[in-house]
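A.B. asks: Fold the stuff below for me.
(chains A and B)
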Amino acid sequence: MRLSIAAAVATFSSAILLHPLFEGGGWFWGSLGAVVAVLLASLISGRLSLPPWAALPVSVLALGLYLNVSFAAEEAWALFVPTTDSVLEVARLLATGWADIQRYAAPVPANEAITLLTTGGVGLIAIVVDLFATRLRKAALAGLPLLALVTVPATILTEPLSWPAFVIAALGFTALLLADGRERVGQWGRAVLVRRTRTTSAGPRPGATADTRGLSLSGKRIGFAAIAVAVTVPALLPAMEPVSFFTFGVGGSGSGRGNSISIPDPIANLKGRLELPEPRVVLTYANSDNTPRYLRIYALDTFDGDQFGMTQPEGAPENRTDNGPLPPPPGLGGGVQLNNVRTSITISDQITKLSFLPLPYPPRQIRVDGDWRADVSTLMVFSTRDEAAGLEYDVATSEPAPTARVLDSSPTTRQGIDERYLALPDDLPQEITDLALDETRGARTPYQAAVRLQRFFTDTGGFAYSLRTQGHSSSALVDFLVRSRAGYCEQFAASMAVLARVVGIPSRVAIGYTGGTQIGGRWTVGTNDSHAWPELYFEGVGWLPFEPTPAGTLGQGSARVPEYTQPRPEATADPSSPTPDETTGGDSEQEAGPQNRQNPRELDREALLADGGLPPEESTPLAARIGIGAAAVLLVLLIPAAIRLVTRSRRIRTLGWKMSRPADEVTAKVVAGRHPAVAAAWAELDDALYDYGMAREPSETPRRLARRLTEQYEFPAEAAAAVTTIASAVERVLYAREPGEIPPLGGELRTVRKALAATVSRARRARAVLLPPSTMRRLRRLGEGVLDGFDRLENIRLRRTAAQKGA
Amino acid sequence: MAVTHDVPDQLGELVTTAHRIREAIESVIEGKGDAVRLTLTVLLAEGHLLIEDVPGVGKTMLAKALARSIDCPVRRVQFTPDLLPSDITGVSAYNQQTREFEFKPGPVFANIVVGDEINRASPKTQSALLECMEERQVTVDGRTYQLDAPFMVIATQNPIEMEGTYPLPEAQRDRFTARVAMGYPEPTAELEMLDVHGGTSPLDRLKPVATTSEVRALIEAVRGVYVSQPVKKYAIDLVVATRHSPDLRLGASPRSTLQLVRAARAHAALSGRDYVIPDDLQELAVPVLAHRLLPSVEAQGQRRLPEQVVTELLRRVPVPETRAS
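C.D. replies: Sure thing, here's the model as predicted:
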């Protein structure tokens, strides 16, 4: 009975550690219910004296019934008898919960499905703990399932577990062990406990009697000490970065609080930034070919007729930047020359609320601190819990540099591209459709159409750059395209994207920064470099940025028109469709795109390594980690040696102190026994003896010690004289009326040390230096002091209980 | 042991005098340096000595030699079952010429009183002597007579198991500062003894080497020996340890603490030190404490003597030290 309850308490107190994983308290009550259900089952099977093999099904049955009643009562018969429907409902909820947990980042909302999953999990742990503790009578083993439970928050959360919760969990387990111990000892009758006494004390203390009060005193003492050590020692050790083993996913239809990212209104931000009177530095970067590149933050893919918006990005756990190369860029096929560029970017720490990384497109691998994940379709990289402010990161990109010929040959049939990139509202004004078709008339390929559209904005259309323009509704779009033809990057980008969709080219609007200006070897990007530009999709090449916004002093200062959008005259003049030979195998520089392979992810890695992606030192290799760990352990092990060295050097310094002869008797009395140099020499000799395993007996007087050393270890005359001098000095300082002249003892101490060292083995000498027993003894005494403190506390408690009982 | 600081003049004198006395005694008793030293220690500590051993090992000889080497009155009392208290203290006898009672001092009126086989006398007589030992005075017929200083009783005693003895009760044993066992001499010492004692008694040749006033000065010097606080505490620790030892039915009395420290002073002075060190206490603990202790039934069953118990306690009780400055 007691054991069953203790097992339930232990399970539930460990389950409390789960609290940072959830929002809301539904899981708490659910878990409590599951634990109670298992407890009841355990009590029943205990009462019926069921064998262990039978107790397990009873507990599982109880848990199943409980889950059924709590989560599928409506489908159940008479609210609790499981039916097929109710079981299916529970299974469905379980699946939903599993999917939710994959999707959300902690803390997850404690919805019904997740609560069910948690409740079931805690219930299963409770069953196993109960089985171990109550049925198999192996309470210590029950710690394993509890440990598994505790591991869940420890691995998922990057923050450390809250220590009060840990203490509760540890106390729960201690209580289980105690209960087990009591049960075990109880079978032998009443126990008599003898209190710990110091072995060095002179006999039993007056009035001390055998203490029979606390049956569980020793256990509690050890338990409390262990918990205290577990809580305090990690605080003293250098922290290791936790590595998450499995994590919750991100995204979905979250409430927008904590578990999902908040999507800013990029367009509203954009104008504000461009209009700042004094531009501020947003980031600086340097790249391997020292060429400015657009840094994209957001990709807006949906157009509702008024403006472009962003689909909630999805960051699956496997697409964390820590996990190596990012997903392959969509649509990039073979036959396209790739420029491999490495860029290291430093974000200003003034930037707030930026949870997307500005990156050149397409990023292939990123080395960045924190939990950053890539959205598969847009390759936006974002985090649900970290911010970009102050971040420094490296990114490797494989930028497609297609020739006009390659683009021209891009097939019009598209696979793997979402229809949302082509979606247009039904009520799109006819003027816009007409305009798009007019401007692209004569273009034989989507690429040519795109080039013509861009030229329409930058050249033939007579557009002007102006920040004064307002609005982005469809009427504003018509205004911009047909009437005013004046606007800034946002209008240009959105308009071109819309026109591209009209003519059947998948498009989206990218928001980010232009390449900025070069200042002292680094490219500096400020708020005035904020920019929007369209990205158009070509099968086999992927997404390519276009630049419809006028550049230069009259336009967006640092905007640059991509090379592939300015085809050489002969390219446009001769748009004959190229042969397959030319596209696939023509250029030796061209390489096979990753999508032609069976396992793109794996091959990406190879390609990156071959292409000089991010160097491998980025993630610390296992050997280095082991090395660092070993070094840390070694450092910890060397702490006693260091303490010993510090103590000794302090004492040797003290040895040099001169004590003048006290002038009067009163001073002499005060000074007697307080001669620091002699005290230091004596303490040092004492420690040295202990280190070499020839410890001084507590009852050994200085004189007797000197005699023993001289005789037992056959000291040479010099050493014998030295140890005698020390002993005599100590004797006089401690016991004489006035110590008289004390000669400096440093030399004697050295002689004695040497003589002592000569008598012991090499291993012993090494141990005296590396793991000095004297320091260990001191630490042990410290520990004993702490234990005594616990004893005293326990005594107070016992006395109070006794008083209450007496009253 | 090298003592680097100056020995006070008084102590130097003490050491030489004590040395002379020791040499004198040892010329009579061979190979009993420890017993001789202890005897001198007790003398200088103003205590009394109980010599306990089987007959014929030189108990009386030691007492006599000490007495002889100091130029002072020495009386010897052979304790027998029919000895009366007045045989010790003296009697008031009626003087017919002066028509007055006049006190005839007993043998106790001497500087050194040798009580031979004290456990053969009746308890009443024993207690009469013991009263003199503690009070250093004799009261007869309402008059009190002070005893001369120095006053030292050297009592010899046969082991308890011998026939015809009245063992000293523990209260009376407590009055003796120290007990010493002579032990059989070493074979070489015994051989030498045969040579020396073959002709005449060496006692006859012994000439006094110190005067009473000299001894009194020595005793005075011993009183000035410094006992530091930690050493006092150590003495108390030792005595208290005997009271709590499970092997002992009766521990040492507070009087024994006093006598232990006093003896330690003398011991230190004999070593030429003007301060007591724990070694003094350790050396004296067995002779000063053991005869006062009663072993518990368990210890008796294990045939553990109080001496062994005290030796164990000495190993357990930590010496006092002030570690850090």
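A.B. asks: State the phi and psi torsions of residue B:296.
C.D. replies: phi -70, psi 170 (degrees, to the nearest 10).
A.B. asks: contacting residues around it?
C.D. replies: By Cβ atoms under 8 Å, 6 or more residues apart in numbering or on different chains, the contact list for residue B:296 reads B:246-249. The way it works is simple: take the backbone N, C-alpha and C, and place the C-beta from them, glycine included.
A.B. asks: and these, which are buried?
C.D. replies: The neighbour-count test (16 or more other Cβ atoms under 10 Å in any protein chain shown) marks B:247-249 as buried among those.
A.B. asks: ends of stretch A:549-561, how far apart?
C.D. replies: With Cα to Cα, to the nearest Å as the measure, stretch A:549-561 spans 9 Å from end to end.
A.B. asks: Oh, that last question was meant for stretch A:501-516, not what I typed.
C.D. replies: Counting by Cα to Cα, you get 29 Å between the two ends of stretch A:501-516.
A.B. asks: which parts of that stretch are buried?
C.D. replies: Neighbour counts over stretch A:501-516 (16+ other Cβ under 10 Å) mark A:501-503, A:505-516 as buried.
A.B. asks: That stretch - what's its average pLDDT?
C.D. replies: Averaged over stretch A:501-516, pLDDT sits at 86.
A.B. asks: And that stretch, how far out from the chain middle?
C.D. replies: Mean-position distance between stretch A:501-516 and its chain equals 35 Å (Cα atoms, centre = their mean, to the nearest Å).
A.B. asks: quick one: contacts for residue 145?
C.D. replies: Just so you know, I chose chain A. Contacts of residue A:145 (Cβ under 8 Å, 6+ apart): A:125, A:128-129, A:132.
A.B. asks: right idea, wrong chain: chain B
C.D. replies: Going by Cβ under 8 Å, 6+ apart, residue B:145 touches B:90, B:103, B:105, B:109, B:137-139.
A.B. asks: ok, the residue nearest the centre of chain B to chain A distance?
C.D. replies: Geometric centre of chain B, nearest residue: residue B:49, 2.1 Å, by Cα atoms, centre = their mean. From residue B:49 across to chain A, the span is 25 Å (Cβ to the nearest Cβ, to the nearest Å).
A.B. asks: if we look at the sheet, which residues does that residue bridge to?
C.D. replies: Residue B:49 has these beta-bridge partners by DSSP bridges: residue B:154, residue B:178.
A.B. asks: one step back: and the contacts of residue B:296, which is closest to chain A?
C.D. replies: Lowest distance from chain A to the contacts of residue B:296 (Cβ to the nearest Cβ) belongs to residue B:246, with 7.9 Å.
A.B. asks: and the lengthiest helix in chain A, what does it pack onto?
C.D. replies: With secondary structure taken from DSSP state H, chain A has its longest helix at helix A:773-806. Counting contacts by 3 or more Cβ pairs under 8 Å, 6 or more residues apart in numbering or on different chains; DSSP states H and E, helix A:773-806 packs against helix A:217-236, helix A:639-655, helix A:676-691.
A.B. asks: highest average neighbour count across those helices?
C.D. replies: Mean neighbours per residue, mean count of other Cβ atoms under 10 Å in any protein chain shown, is largest over the helices and strands packed on helix A:773-806 for helix A:676-691, with a mean of 23.
A.B. asks: That one close to chain B?
C.D. replies: Yes. Counting by Cβ under 8 Å from any Cβ of the partner chain, chain B is contacted by helix A:676-691 at A:676, A:679-680, A:682-683.
A.B. asks: tell me the mean pLDDT for stretch A:291-300?
C.D. replies: The average pLDDT within stretch A:291-300 is 86.
A.B. asks: Span of that stretch from start to end?
C.D. replies: Using Cα to Cα, one end of stretch A:291-300 lies 25 Å from the other.
A.B. asks: likewise stretch A:127-142?
C.D. replies: With Cα to Cα as the measure, stretch A:127-142 spans 10 Å from end to end.
A.B. asks: What are the contacting residues of it?
C.D. replies: Here stretch A:127-142 makes contact (Cβ under 8 Å, 6+ apart) with A:3-4, A:6-8, A:10-11, A:38-39, A:42, A:46, A:52, A:55-56, A:59-60, A:63, A:144-146, A:173, A:176-177, A:179-180, A:184.
A.B. asks: Emit the PyMOL select command for whichever of the residues you listed are buried.
C.D. replies: PyMOL command restricting the contacts of stretch A:127-142 to the buried ones, with burial defined by 16+ other Cβ under 10 Å:
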select buried, chain A and resi 3+4+6+7+8+10+11+38+39+42+46+55+56+59+63+145+146+173+176+177+179+180
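A.B. asks: just how off-centre is whichever strand or helix holds residue A:127 within its chain?
C.D. replies: Assigned by DSSP states H and E, residue A:127 falls within helix A:112-130. Relative to its chain's centre, helix A:112-130 lies at 25 Å (Cα atoms, centre = their mean).
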